[in-house]
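>>> the amino acid sequence is not available; the structure is as follows:
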């Protein structure tokens, strides 16, 4: 019984010590806060100068961001690629080039998603008519002399573009050739092929991609999106 009383007393003392410590810390914080407020009141001009400097720094950051955005828009409007330039790209940069060309044409929500696990979608975007585009890119370092894009590549696109990515327009883009059977399969499955010839016209900047392809779904897409 004595041990229990001593144990209870010890707990009460420890609780009292913690409370005392908290009260002391609170009092110290109040003193420091009062000292800071008093100092700021006496040196208000320093606060004003710091506020002005902060506003100037924010203004400079905003101006630089606006200039970058403006020059990026100018660059996008004037973006052009020659086929030799596209042939020399790494396949990742080729996907980025396709993405940038779509941005140039006025597509919205343009993202490059290529890589492992992309499920057949390297670039996704929405055109000005509300149609959702899913693009698979096939780069050939040898250009027209490289291996032809075949039916299996189109089958991958066909299997994922609409059911997985919600595409209204499913496209395969290559700087090389597309085999005859692959072209026939694309036509049967309502896929669109941008081969070397079409890519050359598109990359030169003469016309947007949707004007170079035929049998596109109506504006707003099959689902009626706008």
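Good, I have the coordinates. In this text, all values refer to a predicted model and were calculated from it rather than measured experimentally. Numbers count the residues shown, from 1 in each chain.

>>> need the longest helix for the chain.
In the chain, ranked by residue count with DSSP state H as the criterion, the top helix is helix 2-42.

>>> distance between that helix and the chain's centre?
51 Å (CA atoms, centre = their mean, to the nearest Å).

>>> after the lowest-mean-pLDDT helix or strand in the chain, which helix or strand is next?
Lowest by mean pLDDT, DSSP states H and E among the helices and strands of the chain is helix 44-77, with a mean of 73. Next along the chain after helix 44-77, taking DSSP states H and E as the criterion, comes helix 83-87.

>>> can you name the residues bridging to the residue most central in space within the chain?
Residue closest to the mean C-alpha point of the chain, counted by CA atoms, centre = their mean, is residue 111 at 5.1 Å. On the basis of DSSP bridges, residue 111 is bridged to residue 124.

>>> that one: what's it in contact with?
99, 123, 124, 125 (CB atoms under 8 Å, 6 or more residues apart in numbering). Glycine gets a C-beta too; all of them are placed from N, C-alpha and C.

>>> most neighbours of all those, which one?
Highest neighbour count within these, by other CB atoms under 10 Å: residue 123, with 26 neighbours.

>>> show the pLDDT at that one.
Here the pLDDT value assigned to residue 123 is 97.

>>> neighbours of the closest residue in space to it that isn't next to it in sequence, just the number please.
Leaving aside its sequence neighbours, residue 123 sits nearest to residue 135 (CB to CB, 6 or more residues apart in numbering; 4.2 Å). As a burial measure, residue 135 scores 29 neighbours (other CB under 10 Å).

>>> the strand or helix carrying residue 104 - contacts with which helices or strands?
Assessed by DSSP H and E, residue 104 sits inside helix 91-105. Where contact means 3 or more CB pairs under 8 Å, 6 or more residues apart in numbering; DSSP states H and E, helix 91-105 is packed against helix 44-77, strand 108-112, strand 123-126, strand 132-138, helix 196-203, helix 209-212.

>>> hang on, the earlier thing: export the contacts of residue 111 to a markdown table and tack on distance to residue 190?
Shown next, in a markdown table, are the contacts of residue 111 (distance: CB to CB, whole Å):
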| residue | distance to residue 190 |
| --- | --- |
| 99 | 23 |
| 123 | 19 |
| 124 | 18 |
| 125 | 18 |
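
>>> backbone phi and psi for the nearest residue to residue 91 once chain neighbours are set aside, please?
In this structure, residue 91 finds its nearest non-sequential neighbour in residue 139, 4.2 Å apart by CB to CB, 6+ apart. Main-chain dihedrals, residue 139, degrees, to the nearest 10: phi -100, psi 140.

>>> residue 170 should be in a strand, yeah?
Yes: counting by DSSP: H, G, I helix; E, B strand; the rest coil, residue 170 is located in a strand.

>>> give me the number of residues near it?
For residue 170, the number of neighbouring residues by other CB under 10 Å comes to 24.

>>> distance of the closest residue in space to it that isn't next to it in sequence relative to residue 47?
Computed as CB to CB, 6+ apart, the closest residue to residue 170 that is not its neighbour in sequence is residue 161, at 3.6 Å. Distance of residue 161 to residue 47, computed by CB to CB, to the nearest Å: 58 Å.

>>> when the two are compared, which one has more neighbours?
Legend: neighbour count by other CB under 10 Å for residue 161 and residue 47, higher for residue 161 (27 against 11).

>>> quick one, what contacts that one?
Applying CB under 8 Å, 6+ apart, the residues near residue 161 are 120, 121, 134, 136, 167, 170, 191.

>>> so which of those comes closest to residue 38?
Residue 38 has its nearest neighbour among these in residue 121, at 62.4 Å by CB to CB.
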